[in-house]
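[1] have a look at this fold, sequence not included:
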């Protein structure tokens, strides 16, 4: 039995999930991000696991033989911060993040407090760059 990725695409409603976000400000930000991501990534929003809104997907296979599917980009309006998911491993990401506005970075996520803190044009560039990078790195068959 191999490693199983917990975060999988589900059939849950993205809108119902956003409506369940407690904070009205976070809910408004989630709708704004939904609009930006949908427009920029060019994919329909899908729920990935219980709390991540993802766009597009790619199939990866590691040299270890581990393989699976994951979203190209996404976000999650969590209680403390909003998590943004972009491709890692691309040097352009760091350059773009320098112009992004107020954020912190984790291993795979970029965290923001609110959309007002960031540059939406840079967000669009990060989304486009992630999609292009992942589609190039993991071309679909």
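    Received it, and whenever you're ready, just let me know what you need. These numbers were taken from a predicted model, which means no experiment stands behind them.

[2] burial of the spatially closest residue to residue 90 that is not a sequence neighbour, as a residue count?
    Spatial nearest neighbour of residue 90, excluding adjacent residues (Cβ to Cβ, 6 or more residues apart in numbering): residue 133 at 4.5 Å. Quick note: C-beta positions are derived from backbone N, CA and C, even for glycine. Residue 133: 19 surrounding residues under other Cβ atoms under 10 Å.

[3] next, work out how far apart residue 133 and residue 88 are.
    As for residue 133, its distance to residue 88 is 9 Å (criterion: Cβ to Cβ, to the nearest Å).

[4] now do residue 100
    Residue 100 is 15 Å from residue 88, where distance means Cβ to Cβ.

[5] looking at the two, which has the bigger crowd around it?
    More neighbours surround residue 100 than the other of residue 100 and residue 88, with 21 against 12 (other Cβ under 10 Å).

[6] before we move on, what's the pLDDT of the more buried one?
    pLDDT recorded at residue 100 is 98.

[7] again with residue 30
    On pLDDT, residue 30 comes in at 98.

[8] in contact with it, which residues are there?
    Neighbouring residues of residue 30 by Cβ atoms under 8 Å, 6 or more residues apart in numbering: 18, 21, 53, 75, 77, 82.

[9] wait, the fifth one touches residue 21, no?
    Yes. Taking Cβ atoms under 8 Å as the definition, residue 77 is a contact partner of residue 21 at 5.1 Å.

[10] shared neighbours, those two?
    In terms of Cβ under 8 Å, 6+ apart, residue 77 and residue 21 are both contacted by the residues 27, 30.

[11] of the two, which one has the most company?
    More crowded of residue 77 and residue 21, by other Cβ under 10 Å: residue 77, with 25 against 19.
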